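S.K.: no sequence for this one, just the structure:
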């Protein structure tokens with residue numbers, strides 16, 4: 001059976017793959033996009049029912065294609081984002097095959113280019129762009145082995161009714177964990193929230209949304225080299241109209257905050273004594289950001305109102321001053337655990353020496369040392385904005401220029 005040949009193969013049909021196709025089309029580059037399921041599959045099947053996008057409507061866009069809305073400062077539902085990506089796919093009209101999964105990527109024997117083995121046969125390509133995104137493998141600690149406890153990763157959580165009656169432990173206080181914990185609390189559940197290191201920033205400050213300020217201050221253009229050791233992105237939420245995540249307020253409303261989960265035995269969890277430190281670190285980041293905004297407003301003489309209440313801090317709740325060191329799930333009537341513990345990449349199918357010891361691709365702004373092999377859509381691919389829906393277009397343009405320059 002003859003091997004199919006294409007100039008550039010894009011693997012992944014989410015927003016990154018679609019934008020890559022758009023940029024290649026603009027440069028007259030022949031290509032094919034493969035998607036293992038449906039366009040924007042993870043948006044369709046790995047988001048919970050009540051999720052609100054973390055970016056205000058006015059900021060949501062893809063290249064040459066803005067998000068339609070009537071309320072610029074509102075936050076879109078998952079279904080609205082899926083509709084937007086579907087509409088963008090119709091706008092781009094990419095050469096795409098859905099339901100075809102790449103199972104192995106290897107170099108051609110004795111020649112330049114690659115062979116991609118798929119569930120629909122092999123494809124030969126001079127260039128390959130891996131655009132499968134950063135949310136490939138749900139990370140769940142091998143901590144709690146108890147079949148009597150309902151456990152689900154945030155990517156498989158749907159709504160409070162999915163869980164058995166009783167209290168809920170949410171492990172992880174990033175954007176997903178914070179929003180899910182708040183949803184469960186509003187549904188009348190008793191919630192325990194495990195909080196680790198985080199980047200706490202205001203939803204709005206001095207009359208502007210955080211996303212506006214990140215652009216105004218140039219923070220969203222922070223490069224990978226400038227970011228330092230942390231890859232943490234802001235803990236922000238678009239739920240309930242969008243408001244600043246304040247874990248002390250969560251506690252004041254009835255949630256019980258915990259430190260990191262360390263170990264488990266016989267239904268009892270051991271809790272690290274780091275809750276106060278994590279909250280204090282979040283406070284430092286928050287205050288530093290407010291200071292940056294204030295200095296910018298003063299330097300440029302901007303007419304933005306002062307907001308002294310943004311610096312008001314609730315006192316530490318009892319669960320912070322006297323933190324739990326152990327959590328007995330049975331005694332607390334906890335029958336469900338939601339692991340909001342993030343994701344890892346899964347590039348085990350890439351049979352090319354381009355991954356480091358942790359399985360992460362080695363690249364610079366998405367360009368690898370292997371001629372013709374690229375990555376797109378990863379967090380901090382080139383800069384902070386790389387992980388934003390509106391940021392992938394710039395990264396894709398760089399890759400498309402590089403591909404066109406290869407001849």
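M.R.: Received the coordinates, thanks. Quick caveat: nothing in here was measured; it's all calculated off a predicted structure.
S.K.: doesn't residue 402 belong to a helix?
M.R.: Yes: looking at residue 402 with DSSP: H, G, I helix; E, B strand; the rest coil, it is inside a helix.
S.K.: any idea how far it is from residue 296?
M.R.: 34 Å (C-beta to C-beta, to the nearest Å). (Glycine included, C-beta is placed from N, CA and C.)
S.K.: what's the strand or helix carrying residue 264 in contact with?
M.R.: Per DSSP states H and E: residue 264 is located in strand 261-265. Contact partners of strand 261-265, identified using C-beta atoms under 8 Å, 6 or more residues apart in numbering, comprise 141, 143-146, 171, 194, 269-272.
S.K.: buried stuff in that strand?
M.R.: Neighbour counts over strand 261-265 (16 or more other C-beta atoms under 10 Å) mark 261, 264 as buried.
S.K.: what's the following helix or strand after it?
M.R.: Assignment by DSSP H and E places the next element after strand 261-265 at strand 268-271.
S.K.: what's that following strand packed up against?
M.R.: strand 261-265, strand 326-328 (3 or more C-beta pairs under 8 Å, 6 or more residues apart in numbering; DSSP states H and E).
S.K.: can you rerun that using 10 Å?
M.R.: strand 191-194, strand 261-265, strand 326-328 (3 or more C-beta pairs under 10 Å, 6 or more residues apart in numbering; DSSP states H and E).
S.K.: now it: buried residues?
M.R.: Result for strand 268-271 [16+ other C-beta under 10 Å]: buried residues 269-271.
S.K.: out of the residues you listed, who's nearest residue 201?
M.R.: residue 271 (26.0 Å; C-beta to C-beta).
S.K.: ok, back up a step: could the helices and strands packed on strand 268-271 go into TSV alongside distance to residue 68 and mean pLDDT?
M.R.: TSV is the format used below for the helices and strands packed on strand 268-271 (distance: least, C-beta to C-beta, whole Å; pLDDT from 0 to 100):
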stretch	distance to residue 68	mean pLDDT
strand 191-194	35	98
strand 261-265	42	94
strand 326-328	46	97
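S.K.: reformat the ones you listed as TSV; add distance to residue 342.
M.R.: Below are the helices and strands packed on strand 268-271 laid out as TSV (distance: least, C-beta to C-beta, whole Å):
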stretch	distance to residue 342
strand 191-194	13
strand 261-265	14
strand 326-328	21
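S.K.: out of those, flag the one nearest residue 312.
M.R.: The nearest among the helices and strands packed on strand 268-271, by C-beta to C-beta, is strand 191-194 at 21.6 Å.
S.K.: which residues touch whichever helix or strand comes after the closest one?
M.R.: The C-terminal neighbour of strand 191-194 among helices and strands, as given by DSSP H and E, is strand 199-200. The contact list for strand 199-200 (C-beta atoms under 10 Å, 6 or more residues apart in numbering) reads 173-175, 178, 230-236, 244-247, 278-279, 281-287, 289.
S.K.: so how far is residue 149 from residue 329?
M.R.: From residue 329 across to residue 149, the span is 6 Å (C-beta to C-beta).
S.K.: so what's the closest residue to residue 274 other than its chain neighbours up against?
M.R.: The spatially closest residue to residue 274, leaving aside those adjacent along the chain, is residue 259, at 4.6 Å (C-beta to C-beta, 6 or more residues apart in numbering). For residue 259, the contacting residues are 194-196, 270-279, 319-320, 323-325, by C-beta under 10 Å, 6+ apart.
S.K.: ramachandran coordinates for residue 259?
M.R.: Per-residue torsions, residue 259: phi -80, psi -170 (degrees, to the nearest 10).
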